[in-house]
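Undergrad: Generate coordinates for the sequence data below:
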Amino acid sequence: MRPKLEDVAKRANVSKTTVSRVLNNRGYLSQKTIDRVHEAMEELNYQPNVVARQLYNKKTNIIGLVFPTVANPFFGELVEALEKKLYEDGYKVLIGNSMNNTKKESDYLNQLLSEQVDGLIVGTHNQGIQEYKYQNLPIVAIDRVMNEDIPVIESDNYQGGKLATTVLIEQGAKHIIHTNGPVELETPAKRRREAYEDTMTAHGLSPQTVTVDFNIPYQEKKDIFYQLFETYPDVDGIFASNDMDAALILQIAKEKGIRVPEDLLLVGYDGTIMTRSILPDLTTIVQPIDEMAEMAISILMKRINKKETEHEYILPVTLWEGKTSKKDIH
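TA: Reported below is the predicted structural model:
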């Protein structure tokens, strides 16, 4: 059974009123009492917002957003679109940058839960965090598989992977490398890898994926891409799993005297407005960020209103055809 407010009071040896005052930060309480209540909550894995909703059916008009980092153009534009649309719908937004740190993500979640948010939209990489298992709280994920109950909004990753790989093959590339995250990461983005491998095999070419963890520091990632060119000297095409990696590969290619597109063809993934503005020549697969934000909010509202939803919602991608994937093959 889910722990109740009186269970916390009993464990902390205080009254229910005291627990309520701690939760709502009201009235004077000693730090010792506050700490004791928080310890009892943690020991019982008690989530105040769930009980508050059950007791008061209270609506706060606050939505929590938890994403890895808004410094990444894809997440930055996605969070901006979500915040704008939610504000127009009369909701306030609380945003947490998890930086792919499990503890930080868990801390943010607990903070958001204590604020009694009406729902959560998440796009983080971490899994198995206890707070996500509370099914009374409406949650929608974007491009992340959290658990079987949480709906996932995503772009058509398989079609995107197929498009990217086909473009490289049609332009004459034969030794094509794909950079992608760890296989064990439960994210729809791994379908990009599946599509790449299927497309390569269908054309009689050998697929080769270089694993690049999303969480690693910049310099470590740069070292991996430098090593890629040493390990695969014949590489003539790269399908990068995101535009940030594609930009870094472009930089390294230039440092090594490898010409793009004459010596190396390159396709990225995400196609944010910022990337297309700064690197208009980069061929990339464009995720429909605005549509993904709209769909996420629409499905979250259904969950808030206890309406049935599907587990997965897939939106179409498009190709931004720049100069990095075109060369004269005559």
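Undergrad: how about the strands in this structure?
TA: In the chain, the strands defined using DSSP state E lie at 62-67, 92-97, 119-122, 139-142, 152-155, 176-180, 208-211, 237-240, 265-270, 283-286, 312-315, 318-320.
Undergrad: Hmm, residue 142 is touching residue 153, no?
TA: Yes - using C-beta atoms under 8 Å, residue 142 is in contact with residue 153, at 4.9 Å. Where C-beta positions appear, they are placed from N, C-alpha and C, glycine not excepted.
Undergrad: Quick check: neighbours shared by the two?
TA: 292, 296 (C-beta atoms under 8 Å, 6 or more residues apart in numbering).
Undergrad: of all the strands of the chain, which lies closest to residue 2?
TA: strand 139-142 (16.6 Å; C-beta to C-beta).
Undergrad: Need the mean per-residue confidence for the closest one.
TA: For strand 139-142, mean pLDDT rounds to 92.
Undergrad: One more: stretch 103-112?
TA: Average pLDDT, stretch 103-112: 70.
Undergrad: Likewise for stretch 226-244?
TA: Regarding stretch 226-244, the rounded mean pLDDT is 96.
Undergrad: Let the chain start at 724 from now.
TA: Let's use 724 as the start, then, which means that last one is stretch 949-967.
Undergrad: Report the buried residues of it.
TA: For stretch 949-967, burial by neighbour count (16 or more other C-beta atoms under 10 Å) applies to 951-952, 958-967.
Undergrad: Equivalent analysis for stretch 925-943, please.
TA: In stretch 925-943, counting by 16+ other C-beta under 10 Å, buried: 928, 930-933, 935, 937-938.
Undergrad: and the end-to-end length of it?
TA: Length of stretch 925-943, first residue to last, C-alpha to C-alpha, to the nearest Å: 33 Å.
Undergrad: Same check on stretch 1037-1050?
TA: For stretch 1037-1050, the separation between the terminal residues is 32 Å (C-alpha to C-alpha).
Undergrad: Now do that stretch: distance to the chain's middle.
TA: 21 Å (C-alpha atoms, centre = their mean, to the nearest Å).
Undergrad: What are the buried residues along that stretch?
TA: Neighbour-count burial for stretch 1037-1050, with 16+ other C-beta under 10 Å as criterion, is recorded at 1037, 1040, 1042-1043, 1045, 1047-1048, 1050.
Undergrad: what residues are up against residue 977?
TA: Residue 977 sits in contact with residue 983, where contact means C-beta under 8 Å, 6+ apart.
Undergrad: Mind putting the buried residues of stretch 925-943 into TSV with pLDDT and distance to residue 920?
TA: Below are the buried residues of stretch 925-943 laid out as TSV (pLDDT from 0 to 100; distance: C-beta to C-beta, whole Å):
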residue	pLDDT	distance to residue 920
928	98	10
930	97	4
931	96	9
932	94	7
933	95	13
935	90	16
937	74	20
938	72	24
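Undergrad: Nearest to residue 1013 among those residues?
TA: residue 937 (23.2 Å).
Undergrad: At the geometric centre of the chain, which residue do we find?
TA: The centre of the chain sits closest to residue 846, judged by C-alpha atoms, centre = their mean, with a distance of 3.0 Å.
Undergrad: before we move on, could you check phi and psi at that residue?
TA: The phi/psi pair for residue 846 (degrees, to the nearest 10) reads phi -140, psi 30.
Undergrad: if I look at it, how far off is residue 1046?
TA: Distance of residue 846 to residue 1046, computed by C-beta to C-beta, to the nearest Å: 31 Å.
Undergrad: repeat for residue 934
TA: Residue 934 is 28 Å from residue 1046, by C-beta to C-beta.
Undergrad: do residue 788 as well
TA: Distance from residue 788 to residue 1046, by C-beta to C-beta: 35 Å.
Undergrad: can you list the domain ranges for this protein.
TA: 724-769, 880-1011 (automatic domain parsing).
Undergrad: Tell me how far the first one lies from the chain's centre.
TA: For domain 724-769, the distance between its averaged C-alpha position and the chain's averaged C-alpha position is 33 Å (C-alpha atoms, centre = their mean).
Undergrad: so for that domain, what's the average pLDDT?
TA: Rounded mean pLDDT across domain 724-769 is 85.
Undergrad: picking that back up, now for the residue nearest to the centre of the chain: which residues touch it?
TA: By C-beta under 8 Å, 6+ apart, the neighbours of residue 846 are 789-791, 798, 801, 864-867.
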